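K.L.:
Quick one: sequence and predicted model below, then my questions.
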Amino acid sequence: MKYIHRDAELLIKKAKSTFKTILVTGARQTGKSTMMKKLYPEQRILSFDDPFLEEQAKNDPEFFLSLYESPITLDEIQYVPSLFRNIKNRVDKSDNKGEYFLTGSQPFKLMEMASDSLAGRVYIVELPPLSMREIQECEFNMPFKPTIEYIQKRKHSAKAPENLWKMIHRGGYPELQNNEVDWQMFFAGYVKTYLERDVRALAAVQNLDDFRKFMVACAARTGQMVNYSNIADEISRSADTVKKWVSILESSGIIYLLEPYSSNSLNRAIKTPKLYFRDTGLACYLTRWLTPETLANGNMSGNMFETFVISEILKSYSNAGVDYRYCVSYYRGKDKKKIKDGSQERQIESEIDFIIEENGVLYPIEIKKTELPKANMTGAFQILDNVEEKKRGTGAVICTCTSPGILRENVLAIPAWYV
């Protein structure tokens, strides 16, 4: 199978000359080990997926590290958290850079452990599933922003995929870019491994079948505000259990919780996060959309399209080495806006699907599965004018239109493949 180069490779090469330790995080099967083998083929890789190595490292971490000469890659490091302290002690005694490369599939937990034990000594790289840019072998690596300046730079490399819905349905896991790999068999094995290794390691879940049902319930709600009680009723578990299980999905890189925009000026804002699967292929598998055609015409197509676009935006930031966690949000408020529904006029809550904040400027984004975006889809954008301490920047409707355009002053139409 042909190797697809990752944008994160450049980040790791730069970090190697500055940091003593580099941590690569991401969900299972995003290609962490493969990337490290391609980057440094001469470097030894030890994986703690091997129970014997895991046991050795746990029993005597200092002796274990003394057996292997650095530089070295330690894979699935989350299984041996005690090693972090010993790695710190070792790198503190050396002036060498790039001594330890750590990889693991529990992103949030690993970031927390690394920040506590290796503060100032580690560079953290997030490796998500493949982005559309990476699949298309596009070298453009600017973080997405809905501005004319971005569009002008992106237009030279932007390329519409042959079948966008096939890309959304198949997902971004590297192994699935080989069309000979069976989609259902891959995800069946993926879910089984995830449940038996990561879920059991993160929490004492007694019934994995219940957790699998919970994953399906969450996948069916991708692109929606989290309703713990609603999910709890569906799977016959308590809301507290659902909250704990949501944190497991988030900690292991399966979902992303998009927080609502917060400002004293928007006192009618709803404060519930929205849930998005990191990979649309996995969400499709869990909700039994078995072909791209049925997905494109099904009742979840809008939510899957939104999930795909937001995932691609986040990848554009993480692949450029930018921490997006504090600069993205969404807005939904109890301020009512009027819309036309045929000949009728009705009121709905105001919502902005996605907001990017940069240098005191708020860039609002609406995501619509349509080839014909309209200016009235962006009526909620002006709510951001009420945020006194910020300025509203260019907004956009990201959709399936064939080329970028201007819907009205300060609002663009942007094809999804320009992200």
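P.N.:
That came through, no problem.
K.L.:
contacts, neighbours, all on C-alpha from now
P.N.:
Noted.
K.L.:
Quick check, pLDDT for S343.
P.N.:
On pLDDT, S343 comes in at 60.
K.L.:
Could you tell me the end-to-end distance of stretch 410-419?
P.N.:
18 Å (C-alpha to C-alpha, to the nearest Å).
K.L.:
Just give me how far that stretch sits from the chain centre.
P.N.:
On the basis of C-alpha atoms, centre = their mean, to the nearest Å, stretch 410-419 sits 20 Å off its chain's mean C-alpha point.
K.L.:
And the contacts of it?
P.N.:
132, 144, 146-147, 151, 154-155, 158-161, 309, 312-313, 316, 373, 375, 393-407 (C-alpha atoms under 8 Å, 6 or more residues apart in numbering).
K.L.:
One more: stretch 361-376?
P.N.:
By C-alpha under 8 Å, 6+ apart, stretch 361-376 touches 145-146, 301-302, 305-306, 309, 352-357, 377-378, 381, 384, 390-402, 407-408, 411, 413.
K.L.:
Equivalent analysis for stretch 23-36, please.
P.N.:
By C-alpha under 8 Å, 6+ apart, stretch 23-36 touches 5-6, 9, 73, 75, 101-107, 110, 114, 122-130, 173-175, 194, 252-254.
K.L.:
Restrict those residues to the buried ones and give me that as a PyMOL selection.
P.N.:
Filtering these down to the buried ones (16 or more other C-alpha atoms under 10 Å) takes a single PyMOL command:
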select buried, resi 5+6+9+73+75+101+102+103+104+105+106+107+110+114+122+123+124+125+126+127+128+129+130+173+174+175+194+252+253+254
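K.L.:
List the ones among the contacts of stretch 23-36 that fall in strands.
P.N.:
Among those, the ones falling in strands (DSSP state E) are T73, D75, F101, L102, T103, G104, V122, Y123, I124, V125, E126.
K.L.:
quick check, nearest of the residues you listed to M215?
P.N.:
Using C-alpha to C-alpha, G104 is the member of the ones in strands among the contacts of stretch 23-36 that sits closest to M215, with 21.3 Å.
K.L.:
The closest one reaches V80, doesn't it?
P.N.:
No - contact between G104 and V80 fails when scored by C-alpha atoms under 8 Å: they sit 10.5 Å apart.
K.L.:
And for E112, the neighbour number?
P.N.:
Here the number of neighbours of E112 (other C-alpha atoms under 10 Å) works out to 11.
K.L.:
ok, now how distant is N89 from N96?
P.N.:
With C-alpha to C-alpha as the criterion, N89 and N96 are 13 Å apart.
K.L.:
Rounded mean pLDDT for the longest helix anywhere in the chain, please.
P.N.:
Among the segments of the chain that qualify as a helix by DSSP state H, the longest is helix 301-318. Helix 301-318 comes out with an average pLDDT of 98.
K.L.:
Renumber starting at 722 from here on
P.N.:
Done: numbering now begins at 722, and the last item shifts to helix 1022-1039.
K.L.:
Relative to the whole chain's centre, how far out is that helix?
P.N.:
With C-alpha atoms, centre = their mean, you get 8 Å for helix 1022-1039.
K.L.:
Tell me which other helices or strands that helix touches.
P.N.:
helix 885-891, helix 1001-1007, strand 1082-1088 (3 or more C-alpha pairs under 8 Å, 6 or more residues apart in numbering; DSSP states H and E).
K.L.:
now the angle from it to strand 843-847?
P.N.:
150 degrees (axes from the mean of the first three to the mean of the last three C-alpha atoms, to 10 degrees).
K.L.:
Helix 1022-1039 to strand 1082-1088, inter-axis angle?
P.N.:
150 degrees.
K.L.:
Phi, psi for F865 please.
P.N.:
Main-chain torsions, F865, degrees, to the nearest 10: phi -70, psi 140.
K.L.:
and it, what is it in contact with?
P.N.:
Y871, I1034, S1037, Y1038, V1140.
K.L.:
any idea how far I1086 is from P864?
P.N.:
Distance from I1086 to P864, by C-alpha to C-alpha: 15 Å.
K.L.:
er, Y1051 actually
P.N.:
18 Å.
K.L.:
and if you look at S1032?
P.N.:
Taking C-alpha to C-alpha as the measure, S1032 falls 12 Å from P864.
K.L.:
Check the gap between the residue most central in space within the chain and K866 for me.
P.N.:
For the chain, the residue nearest the mean C-alpha position is R999 (4.4 Å; C-alpha atoms, centre = their mean). Going from R999 to K866 by C-alpha to C-alpha gives 20 Å.
K.L.:
go on, F1075?
P.N.:
11 Å.
K.L.:
all strands for the stretch 922-1071 of the chain, in order.
P.N.:
When secondary structure is read from DSSP state E, counting those that start in this stretch, the stretch 922-1071 of the chain shows strands at 945-946, 976-979, 995-998, 1049-1062, 1065-1079.
K.L.:
hey, least reliable of those strands by pLDDT?
P.N.:
Looking at the strands of the stretch 922-1071 of the chain, the weakest mean confidence is strand 1049-1062, a mean of 74.
K.L.:
Which residues are in contact with Q905?
P.N.:
Here Q905 is in contact with Y1006 (criterion: C-alpha under 8 Å, 6+ apart).
K.L.:
Doesn't it lie inside a helix?
P.N.:
Yes - looking at Q905 with DSSP: H, G, I helix; E, B strand; the rest coil, it is inside a helix.
K.L.:
For it, give its distance to I872.
P.N.:
From Q905 to I872 the distance is 37 Å (C-alpha to C-alpha).
K.L.:
Around the residue lying closest to K779 once chain neighbours are set aside, how many other residues sit close by?
P.N.:
What sits nearest to K779 in space, not counting adjacent residues and going by C-alpha to C-alpha, 6 or more residues apart in numbering, is V801, at 6.1 Å. Using other C-alpha under 10 Å, V801 has 18 other residues around it.
K.L.:
Test my guess that V801 contacts N780.
P.N.:
No - at 9.9 Å, V801 and N780 do not qualify as touching, with contact defined as C-alpha under 8 Å.
K.L.:
can you tell which of the helices and strands packed on helix 1022-1039 is closest to P1013?
P.N.:
Across these, closest to P1013 is helix 885-891 (C-alpha to C-alpha), at 5.0 Å.
K.L.:
Show residues contacting that closest one.
P.N.:
Identification of contacts with helix 885-891 by C-alpha under 8 Å, 6+ apart yields 882, 897, 904, 1001-1002, 1005, 1012-1014, 1016-1017, 1025-1026, 1029.
K.L.:
Could you turn the buried ones of these into a PyMOL selection?
P.N.:
Burial among these is assessed by 16+ other C-alpha under 10 Å; the matching PyMOL selection reads:
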select buried, resi 897+904+1001+1002+1005+1013+1016+1017+1025+1026+1029
